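Undergrad: 3D, please:
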Amino acid sequence: MPHPEFTLLGDAIWLDLVNTARGRTSSPPDLLSDSAGFARWARAQQLEPGSPPAPLPVIWQFRARLTAMAEALHAGTQPPPGAITAINQHLVDGAGIQQLTRVGGEWRLQFAPARSLAALEAVARSAAMTLADPLIVVRRCAGPTCSLFFTDATPTGSRRWCSAVPCGHHMPVDRRRGVLR
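TA: Residues are numbered from 1 along each chain as shown. Predicted coordinates for the structure are as follows:
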C-alpha cells in the first residue's frame, strides 16, 4: 500500500531516504524539512528514529552523501569516498554479533544486531548491502519529470521506471503517439 506522505519503493531503505529530497515533479519539496518529518519517515519505514534522534543537519549531510553515491552508481562509477566514510561512521554505532545462517542451501556469515537498529544505522546497513551485492544496480527513473532512484534487480537489468504508475504507465502509449523518441 502506498504511503500518503513518502514515496517508499521498498527496494532499499537508503534510496527511500535519498528520495525524500527528490520526486516526480521538477521541483519536489524536501520531505525532511524538520525533525518531525524524519520521525514520520522513520515510522513509515518501521524504524526507530533513534534515542536521542540524530540532529537534522547530520541527517541532511548523510542523505547528501548517499545521493552522491546513488548518482555515481547510476552513472556506473565508483561511489565517492565521502559516502563510504559516512556509511562506515553510522555502521560503527550498531552493536551485535556475527552469526552463521543457512540461506538458499548455503552457509553465510551474517551480522545479527543485538538491538533494533536506529533509523540512520538501518539506512547505512541498507546502503552497505547494496554496495556489497554486485547483482544490484541503482538507476534513476526514466520518467521525464521523475528524479527518484530505485534498484534494478531484474534478470535482464531492464527496469527503467521507479514504478509502473505514474512514471512508466504512459510511456508505451506516448511512444506509439510519437511523443517520445
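Undergrad: starting at the chain centroid, how far to the helix or strand hosting residue 37?
TA: Under DSSP states H and E, the secondary-structure element containing residue 37 is helix 35-44. A distance of 15 Å separates the C-alpha centroid of helix 35-44 from that of its chain, computed with CA atoms, centre = their mean, to the nearest Å.
Undergrad: Mind listing what's buried along that helix?
TA: Judged by neighbour count (16 or more other CB atoms under 10 Å), helix 35-44 contains these buried residues: 37-42. Yep, even glycine has a C-beta here, placed from its N, CA and C like the rest.
Undergrad: again with stretch 148-168
TA: For stretch 148-168, the neighbour count (16+ other CB under 10 Å) marks 148-151, 159, 161-163, 167-168 as buried.
Undergrad: How about residue 141, nearest residue that isn't a chain neighbour?
TA: residue 162 (4.1 Å; CB to CB, 6 or more residues apart in numbering).
Undergrad: Which parts of the protein are strands?
TA: If DSSP state E is used as the criterion, the strands of the chain fall at 96-103, 106-113, 137-140, 149-152.
Undergrad: per-residue confidence averaged over the third one?
TA: Looking at strand 137-140 alone, the average pLDDT works out to 93.
Undergrad: Then stretch 66-78?
TA: Stretch 66-78 comes out with an average pLDDT of 95.
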